[in-house]
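Chemist: just the structure for this:
(chains A and B)
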Amino acid sequence: MASRDDIKFLSNPTIGSQRKKYCRFKKFGIKYIDYKDSEFLLQFINEQGKLLPRRITGNSLKYQKLVAVAVKRSRHLGILPYVADLLK
Amino acid sequence: MNQYEVNFIIDPVLSGDEIKSTAGIYETLLKDQGCTIVHVNEMGLRQLAYPINKKSSGVYYCIEFTSLTGAVIGKMELSLRRDERIMRFLTVKLDKYGVKYNEDRRSGKITSYKKKEAKKKPYEGVAPAVKEEIIAPVPVPEVIAAVPTPEVISPIVVAEEE
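Modeler: Here you go, the predicted model:
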């Protein structure tokens, strides 16, 4: 019997597999999202200043909602733009 | 007993003393209404992300305070609205995590987020080549370059065989 180590693949089997997404707030125990921290919030918006969807950021529903609120607050205070071009 | 946080942006056209006195007005207003002020954060002159009242910058202030009832907030917001020197304001009620976050922030446990570009690189692309360059210069002078190279080469050879 060929053991698992003896089997050789023609191509690297790990190439196609994607890394599992996770909610960073749950994983690292972040409970509060600061709406004054623009650098942090930039991770959750795209170049045009729009909120990124959950399917890309991997946030759980609870924290995606909190992120959305934080982004909206910082937009009101002029920390993040409502509309932008080439933000990053 | 709830903890609140009020942010406001003051017109940058005013002189330094006027800016401080306007912020002082709201501090005293809150104190007179029986609130205890936890912290006043002067964030200073900052660039706005978009022009407000045809101005591209503003002086940010953030006052944290505790109040037994929320009745003060209505009065405070009314006077903020009437004040021509205030460009924008936002009042937020802090939950227990928010209170803790602000305390930690003040004591220096939490610092504002910074991008880690140097760390991200190895994850993204064809990593090993980059790693060699980083690792090699560190132990340089005493150990001869011949020692690290076989270690570095071997993983690549294995990868090709697979």
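Chemist: quick check: residues of chain A near chain B?
Modeler: A:8-9, A:12, A:31-32, A:34-37, A:39-40, A:73, A:75-84 (C-beta under 8 Å from any C-beta of the partner chain). The C-beta positions use only the backbone N, C-alpha and C, and glycine is treated the same way.
Chemist: hmm, which of the residues you listed are the buried ones?
Modeler: The neighbour count (16 or more other C-beta atoms under 10 Å in any protein chain shown) marks A:32, A:34-37, A:40, A:73, A:75, A:77-81, A:84 as buried among the residues of chain A next to chain B.
Chemist: how about A:S38: what's its closest non-neighbour residue?
Modeler: Of all residues not flanking A:S38 in the chain, A:I79 sits nearest, at 4.9 Å (C-beta to C-beta, 6 or more residues apart in numbering or on different chains).
Chemist: what's the pLDDT at that neighbour?
Modeler: Note on A:I79: pLDDT of 94.
Chemist: from A:Y22, how far out is B:I9?
Modeler: As judged by C-beta to C-beta, to the nearest Å, B:I9 and A:Y22 stand 36 Å apart.
Chemist: more crowded one of the two?
Modeler: Taking neighbours as other C-beta atoms under 10 Å in any protein chain shown, B:I9 and A:Y22 compare with B:I9 leading, 25 against 12.
Chemist: ok, now which ones touch that one?
Modeler: Listed by C-beta atoms under 8 Å, 6 or more residues apart in numbering or on different chains, the contact partners of B:I9 are A:77-78, B:48, B:52, B:58-61, B:86-89.
Chemist: sort out for me which of those are in strands.
Modeler: Secondary structure from DSSP state E places B:48, B:52, B:58-61, B:86-89 of the contacts of B:I9 in strands.
Chemist: centroid residue for chain A?
Modeler: Taking C-alpha atoms, centre = their mean, the centroid of chain A lies closest to A:T57, which sits 2.6 Å from it.
Chemist: list the contacts of that residue.
Modeler: Here A:T57 is in contact with A:43-44, A:64, A:67 (criterion: C-beta under 8 Å, 6+ apart).
Chemist: right, I'll call it a day here.
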